[in-house]
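Participant: from the sequence below, what's the structure:
(one chain, ligands or ions: 1)
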Amino acid sequence: MRFLSSKEFGDVVILGVPFDSTTCFRPGARFGPDGIRFFSENLEEFSPSLKKSLASVEFTDAGNVEVPADPEGMVDAVYSFLKEKEITFPVVLGGDHSVTYPVVKYLAEKVQKLTVVHFDAHADLRNEYSGTPFSHACVMRRVLDLGVDIVQVGIRSMTEEEFSLRKESDRITTVERLEELPALLSQIKSPVYFTVDIDFFDPAFAPGTGTPEPCGASPVDFFETLYKLPTVEVLGFDVVEVSPPYDPSGITQALGAKIVREFILKFWG
Ligand SMILES: [Mn+2]
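Facilitator: Numbers count the residues shown, from 1 in each chain. Here you go, the predicted model:
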(Lines give C-alpha, C1' and ligand atoms only; values in the text may rest on other atoms or scores of the structure.)
Protein backbone atom coordinates (compact mmCIF):
# COMPACT_ATOMS: atom_id res chain seq x y z
CA MET A 1 0.00 0.00 0.00
CA ARG A 2 1.10 3.50 -0.64
CA PHE A 3 -0.89 6.56 0.31
CA LEU A 4 -2.03 8.06 -2.95
CA SER A 5 -1.11 11.43 -4.25
CA SER A 6 -3.28 13.58 -6.44
CA LYS A 7 -3.75 17.23 -7.17
CA GLU A 8 -7.46 17.32 -6.46
CA PHE A 9 -8.52 16.74 -2.88
CA GLY A 10 -11.43 14.43 -2.14
CA ASP A 11 -13.19 14.21 1.21
CA VAL A 12 -10.54 12.21 3.06
CA VAL A 13 -7.24 14.07 3.01
CA ILE A 14 -3.99 12.95 4.59
CA LEU A 15 -1.67 15.76 5.57
CA GLY A 16 1.60 15.76 7.43
CA VAL A 17 2.67 18.36 9.97
CA PRO A 18 6.46 18.04 10.36
CA PHE A 19 6.64 20.03 13.60
CA ASP A 20 8.28 19.07 16.90
CA SER A 21 9.32 22.39 18.46
CA THR A 22 7.32 21.73 21.62
CA THR A 23 8.65 18.25 22.38
CA CYS A 24 9.81 18.62 25.97
CA PHE A 25 12.22 15.65 26.17
CA ARG A 26 13.73 14.68 22.82
CA PRO A 27 12.74 15.89 19.35
CA GLY A 28 12.37 13.87 16.14
CA ALA A 29 8.61 13.74 15.53
CA ARG A 30 9.05 16.23 12.69
CA PHE A 31 10.22 13.22 10.66
CA GLY A 32 7.04 11.28 11.58
CA PRO A 33 4.88 12.08 8.53
CA ASP A 34 7.45 10.93 5.98
CA GLY A 35 8.44 7.95 8.14
CA ILE A 36 4.84 6.75 8.34
CA ARG A 37 4.46 7.28 4.59
CA PHE A 38 7.61 5.26 3.90
CA PHE A 39 6.39 2.34 6.02
CA SER A 40 2.92 2.53 4.45
CA GLU A 41 4.53 1.12 1.30
CA ASN A 42 5.01 -2.17 3.15
CA LEU A 43 1.30 -2.50 4.00
CA GLU A 44 -1.28 -4.25 1.84
CA GLU A 45 -4.30 -2.20 0.82
CA PHE A 46 -6.62 -4.93 2.11
CA SER A 47 -7.46 -5.41 5.79
CA PRO A 48 -8.47 -9.01 6.51
CA SER A 49 -9.86 -7.92 9.88
CA LEU A 50 -12.23 -5.37 8.35
CA LYS A 51 -12.65 -7.21 5.02
CA LYS A 52 -12.24 -3.90 3.23
CA SER A 53 -9.66 -2.49 0.88
CA LEU A 54 -8.24 0.99 0.53
CA ALA A 55 -8.86 0.58 -3.18
CA SER A 56 -12.53 1.25 -2.43
CA VAL A 57 -11.89 4.52 -0.54
CA GLU A 58 -11.19 7.82 -2.20
CA PHE A 59 -8.50 9.64 -0.32
CA THR A 60 -5.67 11.99 -1.11
CA ASP A 61 -2.28 12.63 0.40
CA ALA A 62 -1.90 16.40 0.35
CA GLY A 63 1.72 16.19 1.48
CA ASN A 64 3.15 18.17 4.37
CA VAL A 65 1.93 21.56 5.53
CA GLU A 66 4.74 24.09 5.56
CA VAL A 67 5.10 25.15 9.18
CA PRO A 68 7.35 27.62 10.99
CA ALA A 69 9.26 26.61 14.14
CA ASP A 70 7.12 28.61 16.58
CA PRO A 71 3.96 26.97 17.98
CA GLU A 72 1.64 29.94 17.32
CA GLY A 73 2.84 30.04 13.71
CA MET A 74 2.26 26.30 13.33
CA VAL A 75 -1.28 26.61 14.72
CA ASP A 76 -2.03 29.39 12.21
CA ALA A 77 -0.47 27.51 9.28
CA VAL A 78 -2.35 24.24 9.88
CA TYR A 79 -5.66 25.96 10.61
CA SER A 80 -5.34 28.15 7.48
CA PHE A 81 -4.42 25.15 5.33
CA LEU A 82 -7.54 23.24 6.41
CA LYS A 83 -9.75 26.28 5.98
CA GLU A 84 -8.40 27.35 2.58
CA LYS A 85 -8.56 23.83 1.13
CA GLU A 86 -11.95 23.23 2.79
CA ILE A 87 -10.85 19.80 4.02
CA THR A 88 -13.81 17.63 5.06
CA PHE A 89 -12.13 14.67 6.80
CA PRO A 90 -8.50 15.44 7.78
CA VAL A 91 -6.13 12.55 8.54
CA VAL A 92 -3.16 14.19 10.18
CA LEU A 93 0.32 12.72 10.57
CA GLY A 94 2.36 14.44 13.32
CA GLY A 95 4.51 15.94 14.37
CA ASP A 96 4.35 16.37 18.11
CA HIS A 97 0.94 16.42 19.79
CA SER A 98 0.60 20.21 19.56
CA VAL A 99 -0.47 19.75 15.92
CA THR A 100 -3.84 18.35 17.04
CA TYR A 101 -5.07 21.72 18.35
CA PRO A 102 -5.52 23.61 15.03
CA VAL A 103 -7.24 20.56 13.51
CA VAL A 104 -9.76 20.30 16.34
CA LYS A 105 -10.25 24.07 16.31
CA TYR A 106 -11.11 23.92 12.60
CA LEU A 107 -13.50 20.98 13.00
CA ALA A 108 -15.15 22.30 16.17
CA GLU A 109 -16.21 25.42 14.28
CA LYS A 110 -18.09 23.31 11.74
CA VAL A 111 -20.32 21.40 14.19
CA GLN A 112 -22.47 22.19 17.20
CA LYS A 113 -20.71 19.72 19.43
CA LEU A 114 -17.54 17.66 19.02
CA THR A 115 -15.99 14.91 21.11
CA VAL A 116 -12.28 14.13 20.93
CA VAL A 117 -11.27 10.58 21.81
CA HIS A 118 -7.69 10.84 23.06
CA PHE A 119 -5.36 7.84 23.22
CA ASP A 120 -2.19 8.77 25.10
CA ALA A 121 0.17 7.91 27.96
CA HIS A 122 0.00 11.54 29.15
CA ALA A 123 -2.98 13.71 30.07
CA ASP A 124 -1.66 16.73 28.07
CA LEU A 125 -3.84 18.99 30.24
CA ARG A 126 -1.26 21.51 31.47
CA ASN A 127 -2.26 25.14 31.04
CA GLU A 128 1.24 26.15 29.96
CA TYR A 129 4.54 24.37 29.45
CA SER A 130 8.01 25.58 28.47
CA GLY A 131 6.63 29.09 28.12
CA THR A 132 3.83 28.31 25.67
CA PRO A 133 0.16 27.41 26.01
CA PHE A 134 0.49 25.49 22.72
CA SER A 135 2.96 22.86 23.93
CA HIS A 136 2.20 19.20 23.29
CA ALA A 137 1.81 18.97 27.08
CA CYS A 138 -1.12 21.46 26.87
CA VAL A 139 -2.97 20.29 23.78
CA MET A 140 -5.97 18.71 25.51
CA ARG A 141 -6.34 21.75 27.79
CA ARG A 142 -6.61 23.93 24.69
CA VAL A 143 -9.10 21.47 23.19
CA LEU A 144 -11.13 21.78 26.40
CA ASP A 145 -11.04 25.59 26.00
CA LEU A 146 -12.78 25.13 22.64
CA GLY A 147 -15.83 23.69 24.40
CA VAL A 148 -15.04 20.23 23.08
CA ASP A 149 -15.66 17.12 25.22
CA ILE A 150 -12.75 14.74 25.76
CA VAL A 151 -12.60 10.99 26.31
CA GLN A 152 -9.13 10.03 27.57
CA VAL A 153 -7.93 6.47 27.06
CA GLY A 154 -4.81 4.82 28.45
CA ILE A 155 -3.49 7.83 30.39
CA ARG A 156 -0.91 6.77 32.95
CA SER A 157 1.18 9.88 33.53
CA MET A 158 0.07 13.31 34.77
CA THR A 159 0.68 16.03 37.33
CA GLU A 160 -1.41 16.31 40.46
CA GLU A 161 -3.18 19.34 38.95
CA GLU A 162 -4.05 17.36 35.83
CA PHE A 163 -5.30 14.53 38.04
CA SER A 164 -7.64 16.95 39.85
CA LEU A 165 -8.86 18.55 36.61
CA ARG A 166 -9.69 15.12 35.22
CA LYS A 167 -11.68 14.36 38.36
CA GLU A 168 -13.49 17.70 38.53
CA SER A 169 -14.34 18.43 34.89
CA ASP A 170 -17.60 16.96 33.71
CA ARG A 171 -16.35 17.33 30.12
CA ILE A 172 -13.49 14.86 30.56
CA THR A 173 -14.33 11.16 30.63
CA THR A 174 -11.57 8.77 31.56
CA VAL A 175 -11.45 5.24 30.20
CA GLU A 176 -9.13 3.06 32.26
CA ARG A 177 -9.77 -0.17 30.38
CA LEU A 178 -9.76 -0.28 26.60
CA GLU A 179 -12.63 -2.75 26.46
CA GLU A 180 -14.93 -0.12 28.03
CA LEU A 181 -14.57 2.18 25.03
CA PRO A 182 -17.06 0.63 22.56
CA ALA A 183 -19.99 0.87 25.01
CA LEU A 184 -19.02 4.38 26.02
CA LEU A 185 -18.71 5.57 22.44
CA SER A 186 -22.15 4.24 21.54
CA GLN A 187 -23.61 6.76 24.02
CA ILE A 188 -21.91 9.74 22.40
CA LYS A 189 -24.29 11.67 20.20
CA SER A 190 -21.85 14.21 18.72
CA PRO A 191 -19.37 13.67 15.87
CA VAL A 192 -15.99 12.35 16.96
CA TYR A 193 -12.33 13.12 16.27
CA PHE A 194 -9.71 10.57 17.28
CA THR A 195 -6.22 11.57 18.31
CA VAL A 196 -3.67 8.79 18.79
CA ASP A 197 -0.43 9.72 20.53
CA ILE A 198 1.77 6.74 19.71
CA ASP A 199 3.12 6.71 23.29
CA PHE A 200 -0.31 5.36 24.26
CA PHE A 201 1.20 2.00 23.32
CA ASP A 202 3.69 0.22 25.51
CA PRO A 203 7.24 1.27 24.55
CA ALA A 204 7.90 -2.40 23.79
CA PHE A 205 5.65 -2.00 20.74
CA ALA A 206 6.28 1.67 19.98
CA PRO A 207 9.77 2.66 21.12
CA GLY A 208 10.11 5.38 18.49
CA THR A 209 8.61 8.29 20.37
CA GLY A 210 9.86 11.31 22.28
CA THR A 211 8.44 10.53 25.73
CA PRO A 212 8.03 6.77 26.22
CA GLU A 213 6.08 5.64 29.30
CA PRO A 214 5.94 1.99 30.41
CA CYS A 215 2.77 -0.06 30.97
CA GLY A 216 0.83 0.82 27.82
CA ALA A 217 -1.46 -1.31 25.69
CA SER A 218 -0.46 -3.65 22.89
CA PRO A 219 -1.39 -3.08 19.24
CA VAL A 220 -3.50 -6.26 19.35
CA ASP A 221 -5.61 -4.87 22.23
CA PHE A 222 -5.93 -1.54 20.43
CA PHE A 223 -7.03 -2.93 17.08
CA GLU A 224 -9.44 -5.43 18.68
CA THR A 225 -11.09 -2.48 20.41
CA LEU A 226 -11.11 -0.40 17.24
CA TYR A 227 -12.88 -3.18 15.32
CA LYS A 228 -15.58 -3.29 18.03
CA LEU A 229 -16.28 0.46 18.01
CA PRO A 230 -19.76 1.51 16.89
CA THR A 231 -19.97 3.33 13.57
CA VAL A 232 -20.04 6.83 15.01
CA GLU A 233 -19.75 9.91 12.81
CA VAL A 234 -16.02 10.52 12.53
CA LEU A 235 -14.75 13.87 11.29
CA GLY A 236 -11.08 12.97 11.24
CA PHE A 237 -8.16 11.58 13.20
CA ASP A 238 -4.46 11.98 13.76
CA VAL A 239 -1.44 9.87 14.65
CA VAL A 240 1.18 11.92 16.45
CA GLU A 241 4.53 11.67 18.24
CA VAL A 242 6.04 9.00 15.98
CA SER A 243 9.76 9.79 16.12
CA PRO A 244 11.79 7.98 13.43
CA PRO A 245 15.23 8.81 14.96
CA TYR A 246 14.27 6.58 17.92
CA ASP A 247 12.79 3.91 15.70
CA PRO A 248 15.70 2.23 13.91
CA SER A 249 13.78 -1.01 13.29
CA GLY A 250 10.78 0.92 11.97
CA ILE A 251 8.19 -0.87 14.11
CA THR A 252 6.71 2.37 15.47
CA GLN A 253 6.37 3.87 12.00
CA ALA A 254 4.85 0.60 10.72
CA LEU A 255 2.33 0.73 13.57
CA GLY A 256 1.50 4.34 12.70
CA ALA A 257 0.86 3.39 9.08
CA LYS A 258 -1.38 0.50 10.10
CA ILE A 259 -3.41 2.73 12.42
CA VAL A 260 -3.99 5.09 9.48
CA ARG A 261 -5.14 2.26 7.20
CA GLU A 262 -7.44 0.66 9.76
CA PHE A 263 -9.05 3.96 10.83
CA ILE A 264 -9.72 4.96 7.23
CA LEU A 265 -11.23 1.56 6.44
CA LYS A 266 -13.19 1.30 9.68
CA PHE A 267 -14.97 4.64 9.33
CA TRP A 268 -14.90 5.51 5.63
CA GLY A 269 -14.33 2.16 3.91
MN1 LIG B 1 0.25 13.48 23.87
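
Participant: for Leu226, grab phi and psi.
Facilitator: Main-chain torsions, Leu226, degrees, to the nearest 10: phi -60, psi -40.

Participant: quick check: it touching Arg261?
Facilitator: No: between Leu226 and Arg261 there is no contact under Cβ atoms under 8 Å: 11.2 Å. Every residue, glycine included, has its C-beta placed from N, CA and C.

Participant: in stretch 216-231, which residues are buried?
Facilitator: Neighbour-count burial for stretch 216-231 flags 216-217, 219, 221-223, 225-226, 229 (criterion: 16 or more other Cβ atoms under 10 Å).

Participant: and which of the residues you listed is nearest to Pro182?
Facilitator: Nearest to Pro182 among these: Leu229, at 5.3 Å, using Cβ to Cβ.

Participant: pLDDT score assigned to the closest one?
Facilitator: Confidence at Leu229, expressed as pLDDT, is 98.

Participant: Cys24 now?
Facilitator: Per the predicted model, pLDDT is 86 at Cys24.

Participant: spit out the contact partners of it.
Facilitator: Taking Cβ atoms under 8 Å, 6 or more residues apart in numbering, we find Cys24 in contact with 129-130, 135-137, 210-211.

Participant: same question, Pro102
Facilitator: Contact analysis of Pro102 by Cβ under 8 Å, 6+ apart lists 74-79, 82.

Participant: try it again with 6 Å
Facilitator: 75, 78-79 (Cβ atoms under 6 Å, 6 or more residues apart in numbering).

Participant: swap in Leu229?
Facilitator: Residues near Leu229 by Cβ under 6 Å, 6+ apart: 182, 185.

Participant: backbone dihedrals for it, both of them.
Facilitator: Backbone torsions of Leu229, given as degrees, to the nearest 10, read phi -70, psi 140.

Participant: ok, Gly94 touching Gly32?
Facilitator: Yes: look at Gly94 against Gly32 with Cβ atoms under 6 Å: they come within range, at 5.5 Å.

Participant: the closest residue to His97 other than its chain neighbours and Tyr101: what is the separation?
Facilitator: The shortest distance from His97 to any non-neighbouring residue, by Cβ to Cβ, 6 or more residues apart in numbering, is to His136 (3.8 Å). His136 sits 9 Å away from Tyr101, going by Cβ to Cβ, to the nearest Å.

Participant: and those two? Which one has more around it.
Facilitator: Neighbours per residue, other Cβ atoms under 10 Å: of His136 and Tyr101, the larger number sits with His136, 34 against 26.

Participant: now do that one, the pLDDT please.
Facilitator: So, for His136, pLDDT stands at 98.

Participant: what residues are up against whichever residue of the stretch 101-250 of the chain sits closest to the ion?
Facilitator: The stretch 101-250 of the chain approaches the ion most closely through Asp197 (3.6 Å), counting by Cβ to the ion. Applying Cβ under 6 Å, 6+ apart to Asp197 gives the contacts 97, 120, 240-241.

Participant: tabulate those residues (a markdown table), appending pLDDT.
Facilitator: As requested, the contacts of Asp197 are exported to a markdown table (pLDDT from 0 to 100):
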| residue | pLDDT |
| --- | --- |
| His97 | 98 |
| Asp120 | 98 |
| Val240 | 98 |
| Glu241 | 98 |
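
Participant: for the contacts of Pro102, which single residue is the most surrounded?
Facilitator: Top of the contacts of Pro102 by neighbour count (other Cβ under 10 Å): Val78, with 26 neighbours.

Participant: name the SS class of it, please.
Facilitator: Val78 falls in the helix class when you classify it by DSSP: H, G, I helix; E, B strand; the rest coil.

Participant: quick check: Asp96 touching Arg30?
Facilitator: No: counting by Cβ under 6 Å, Asp96 sits too far from Arg30 to count as a contact (8.0 Å).

Participant: between those two, which contacts overlap?
Facilitator: Residues touching both Asp96 and Arg30 (Cβ under 6 Å, 6+ apart): Asp20.

Participant: between those two, who's got more neighbours?
Facilitator: The neighbour count for Asp96 versus Arg30, taken as other Cβ under 10 Å, is higher for Asp96 (32 against 24).

Participant: which stretches of the stretch 151-269 of the chain form strands?
Facilitator: Counting by DSSP state E, counting those that start in this stretch, the stretch 151-269 of the chain has strands at residues 172-175, 192-197, 234-240.
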